[in-house]
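Q: What follows is a predicted protein model with its sequence.
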Amino acid sequence: MKRWLDHKEQHPWILWCVSPAMSDMRKEDWYSTSNSTNAAESAHAKSKRLGVHLSLLAAISKGRKIDSEFLTMQRGRITFGISSRYGNMGFIARKKKNIRRQQNKMKKAAQTSRRIRLLEDNEEELEEVDENCDDDDVEAGNHI
């Protein structure tokens with residue numbers, strides 16, 4: 001732990017990047033940015049697919065193309081609610097998922113309730129059989 005803290009003291013910019021309390025960034029700007037690096041990582045992967053060891057002009061051109069595609073997808077998501085990624089987690093999608101989860105929970109509860117009733121009925125039946133059956137009958141095989 002001490003080595004970790006020493007490292008952060010030697011590189012104070014790290015804490016500025018991970019803690020809103022340490023950052024000079026305005027709080028509204030801090031909270032409007034993504035809390036993960038997924039977008040940056042996927043952009044990096046996309047840029048690698050478009051080429052490596054490019055000239056400055058070619059890299060700028062490719063970067064412009066990537067940015068344009070990203071903005072087009074964002075406009076579609078914002079305007080029409082269409083997500084280009086698997087697992088849309090917008091408000092409506094989360095609401096639908098919660099409703100399905102509640103429905104499944106109710107189905108499982110109903111199934112459990114039915115199973116309990118069946119077990120109780122079977123126990124009552126067994127008790128009746130036990131009451132009506134003598135030990136002598138069981139030993140003689142007459143209970144069947």
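A: Looks like it arrived, so ask away. Numbers count the residues shown, from 1 in each chain.
Q: Averaged pLDDT, the helix or strand harbouring Asp29. What do you get?
A: If you go by DSSP states H and E, Asp29 is part of helix 27-32. What helix 27-32 shows for mean pLDDT is 85.
Q: repeat for stretch 4-18
A: Mean predicted confidence for stretch 4-18 is 84.
Q: Please tell me how far Gly76 sits from Thr33.
A: Relative to Thr33, Gly76 is positioned 21 Å away (criterion: Cβ to Cβ, to the nearest Å). The way it works is simple: take the backbone N, C-alpha and C, and place the C-beta from them, glycine included.
Q: more crowded one of these two?
A: Counting neighbours by other Cβ atoms under 10 Å for Gly76 and for Thr33 shows that Gly76 has the greater number, 13 against 8.
Q: so where's this protein uncertain?
A: 82-91, 133-144 (pLDDT under 70).
Q: Give me the residues contacting stretch 40-48.
A: Stretch 40-48 is contacted by residues Lys62, Gly63, Ile66, Phe70 when judged by Cβ atoms under 8 Å, 6 or more residues apart in numbering.
Q: can we see that at 7 Å?
A: Lys62, Gly63, Ile66 (Cβ atoms under 7 Å, 6 or more residues apart in numbering).
Q: just stretch 59-68 next, same as before
A: Against stretch 59-68 from outside (Cβ under 7 Å, 6+ apart): Ala43, Lys46, Ser47, Leu50, Gly51, Leu54.
Q: from those, which is closest to Lys27?
A: The closest of the contacts of stretch 59-68 to Lys27 turns out to be Ala43 (Cβ to Cβ; 25.5 Å).
Q: distance of Arg15 from Ser36?
A: Actually, residue 15 is Leu. It isn't Arg. 18 Å.
Q: Secondary structure element for Asp24, which one?
A: Under DSSP H and E, no helix or strand contains Asp24.
Q: Check the burial of it by counting its neighbours.
A: Asp24 has 6 neighbours, counted by other Cβ under 10 Å.
Q: if we can go back for a sec, buried only: go through the contacts of stretch 40-48 for me.
A: Lys62 (16 or more other Cβ atoms under 10 Å).
Q: Just the ones of the contacts of stretch 40-48 in helices?
A: Among the contacts of stretch 40-48, the ones falling in helices (DSSP state H) are Lys62, Gly63, Ile66.
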